[in-house]
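I would like to see how this sequence folds:
(one chain, ligands or ions: 1)
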Amino acid sequence: MTTTSNRNISTSTVRSSFLPFLAGIAFGIASSILYTRVICSRNQKSSSSSSSLWLQPPSTLPRFAQEILSNHHHTNTEKISNDDSNGESTNASSPNTALSSENWTEVRLREWEDLNWRDANGWQGRDLCHNPQGLGVRILHYYYKASSKEMVGVVWFGPHAESHRGLCHGGAMTSLMDDFCGHLAFLHSTSGQPWSGATVQVNVSLKKPVKVGSILRIIGRIDKHEGRKIYVHATLDDGGGDNNGGSSIDGEEQNKDPLVYATLEGLSIDGVKMSQHEDPVSKRTWEVEVCEHSGRLQRRDSGWKLL
Ligand SMILES: CCCCCCCC(=O)SCCNC(=O)CCNC(=O)[C@H](O)C(C)(C)COP(=O)(O)OP(=O)(O)OC[C@H]1O[C@@H](n2cnc3c(N)ncnc32)[C@H](O)[C@@H]1OP(=O)(O)O
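Reported below is the predicted structural model:
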């Protein structure tokens, strides 16, 4: 009797303490499934949507960039000779006005765009600023005007340019300035060849932090060409207009002074040969042509004709 009742007591005790335990486990499993399915999928969604935001520059460029792209549209081959005339300089501080003067050519190097050609012709990696798949600082376009020795570029600061919490590394801005100084000097070089010269000084003044994901403008000119020394001044800014968030009370866009993020005083030495290669690629020259697809003037290296 005693034994049976003890058994009953112990069975019911076990039942009463085991059931909540089982229920607890079931609840735990259900919660973890719920967490995995709902919370994690939400996290995955947000991380994938935020990362996809940053994999490419935005498809809609700011107004200054659209102006740059539309204002250099030419089809008249007569402009090619004008473009090469080394005329007097224009005011580099009003670039959008200068852009409408019809003498800008898009600068294109095959090694920036044709990655198979690049790999087959001695390059060993990807360009720091011109890699079409690059996620750091990426120059989307360069336009050059020989008559005023000016260049303007559209630049995207991608996710790999980040330093502290959504802000870009000063080195990303400085890399951009180095590239700008070098290529402007190459375009102006007496040799008429890409990569002819070397940048020896890049004095960059960082004025304002650049946010990751920004599209900015770099604009500059050759200040002086003394002997082999080419002095370059450039400004990284937001292009003015509506890019700094300005709009008038009636909603119309205001033209504001551009916000300046950095300035450059650079020096390149003309004609320095940094590479020992002696082949058709190293003998390329700059050629100005009307692009058969867009009808736009382009300053392309002659390597596009090399098989
Ligand atoms: C074909 C492949 C080309 C690749 C090009 C790559 C594009 C680049 O811009 S590379 C970017 C990084 N830059 C570098 O790595 C450059 C490193 N520097 C060097 O290799 C050497 O300094 C080099 C080869 C440029 C020197 O060239 P060299 O022909 O000997 O010039 P050098 O005679 O020393 O100097 C010429 C003038 O520039 C001046 N100068 C040279 N370096 C500097 C400097 N850092 N700051 C100020 N002035 C300078 C000299 O004082 C001299 O002035 P002056 O004529 O009044 O006496």
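
and Asn203, how far is that from Glu162?
With distances defined as Cβ to Cβ, to the nearest Å, the gap from Asn203 to Glu162 amounts to 24 Å. Just so you know, the C-beta spots here come from the backbone N, C-alpha and C atoms, and that holds for glycine as well.

and what of Ser205?
Counting by Cβ to Cβ - Ser205 and Glu162 are separated by 21 Å.

just Pro280 next, same as before
Pro280 sits at a distance of 40 Å from Glu162 (criterion: Cβ to Cβ).

out of those two, which sits in the more crowded spot?
Glu162 (19 against 13; other Cβ atoms under 10 Å).

got phi/psi on that one?
Summarising the backbone geometry of Glu162 under the convention degrees, to the nearest 10, its torsions are phi -70, psi 150.

which bits of the stretch 51-200 of the chain sit near the ligand?
The stretch 51-200 of the chain comes close to the ligand at residues Gly182, Trp195, Ala198, Thr199, Val200, as judged by Cβ under 6 Å from any ligand atom.

just checking, Asn121 touches Leu115?
No. Here Asn121 does not reach Leu115: they are 10.8 Å apart, not a contact under Cβ atoms under 8 Å.

and the end-to-end length of stretch 267-275?
The straight-line separation of the ends of stretch 267-275 (Cα to Cα, to the nearest Å) is 19 Å.

now do the buried residues in that stretch.
By neighbour count with 16 or more other Cβ atoms under 10 Å, stretch 267-275 contains the buried residues Leu267, Ser268, Asp270.

so the last one bridges to which residues?
Applying DSSP bridges to Asp270 gives these bridge partners: Gly197.

just checking, it touches Gly192?
No. Applying Cβ under 8 Å, one finds Asp270 not in contact with Gly192, separated by 11.3 Å.

give me the number of residues near Glu150?
Residues contacting Glu150 under the criterion other Cβ under 10 Å number 24.

sticking with the closest residue in space to it that isn't next to it in sequence, tell me its helix or strand.
With sequence-adjacent residues excluded and distances taken as Cβ to Cβ, 6 or more residues apart in numbering, Glu150 is closest to Arg221, at 4.4 Å. Assessed by DSSP states H and E, Arg221 sits inside strand 215-226.

next SSE downstream of that strand?
Sequence-wise, the next helix or strand downstream of strand 215-226 (DSSP H and E) is strand 229-237.

Phe64 and the ligand, how far apart?
Computed with Cβ to the nearest ligand atom, to the nearest Å, the distance linking Phe64 and the ligand is 27 Å.

just the pLDDT at that residue, thanks.
Reading off the confidence values, Phe64 has pLDDT 85.

over to Arg296?
According to the model's per-residue confidence, Arg296 sits at a pLDDT of 79.

neighbours of it, how many?
For Arg296, the neighbour count with other Cβ under 10 Å is 17.

would you agree it is in contact with Arg108?
No. Applying Cβ under 8 Å, one finds Arg296 not in contact with Arg108, separated by 10.4 Å.

find the least confident helix or strand in the protein, judged by mean pLDDT.
Least confident helix or strand, the chain: helix 78-84 with a mean of 36, by mean pLDDT, DSSP states H and E.

so which strand or helix has Leu61?
Here Leu61 is covered by no helix or strand, with elements defined by DSSP H and E.

so where is the stretch 201-307 of the chain shaky, pLDDT-wise?
Using pLDDT under 70 as the threshold, the predicted model of the stretch 201-307 of the chain has low-confidence ranges 241-255, 307.

which residue ranges of the stretch 151-300 of the chain form strands?
197-206, 215-226, 229-237, 260-270, 286-290, 297-301 (DSSP state E, counting those that start in this stretch).

neighbours of the residue nearest to Asn131 when sequence neighbours are not counted, how many?
In this structure, Asn131 finds its nearest non-sequential neighbour in Arg138, 6.9 Å apart by Cβ to Cβ, 6+ apart. Summarising burial for Arg138: neighbours were counted as other Cβ under 10 Å, giving 25.

count the neighbours of Gln133 for me.
9.

so it sits against Arg126, correct?
Yes. Applying Cβ under 8 Å, one finds Gln133 in contact with Arg126, separated by 7.3 Å.

assign Gly303 to helix, strand or coil.
helix (DSSP: H, G, I helix; E, B strand; the rest coil).

ok, it - contacts?
Listed by Cβ atoms under 8 Å, 6 or more residues apart in numbering, the contact set of Gly303 reads Leu109, Arg110, Glu111, Trp117, Asn121, Pro280, Val281, Arg284.

quick check: the residue nearest to Asn131 is in a strand.
Yes. In this structure, Arg138 lies within a strand as judged by three-state DSSP.

got a pLDDT number for it?
98.

compute the first-to-last residue distance for stretch 145-155.
For stretch 145-155, the first-to-last residue distance is 18 Å (Cα to Cα).
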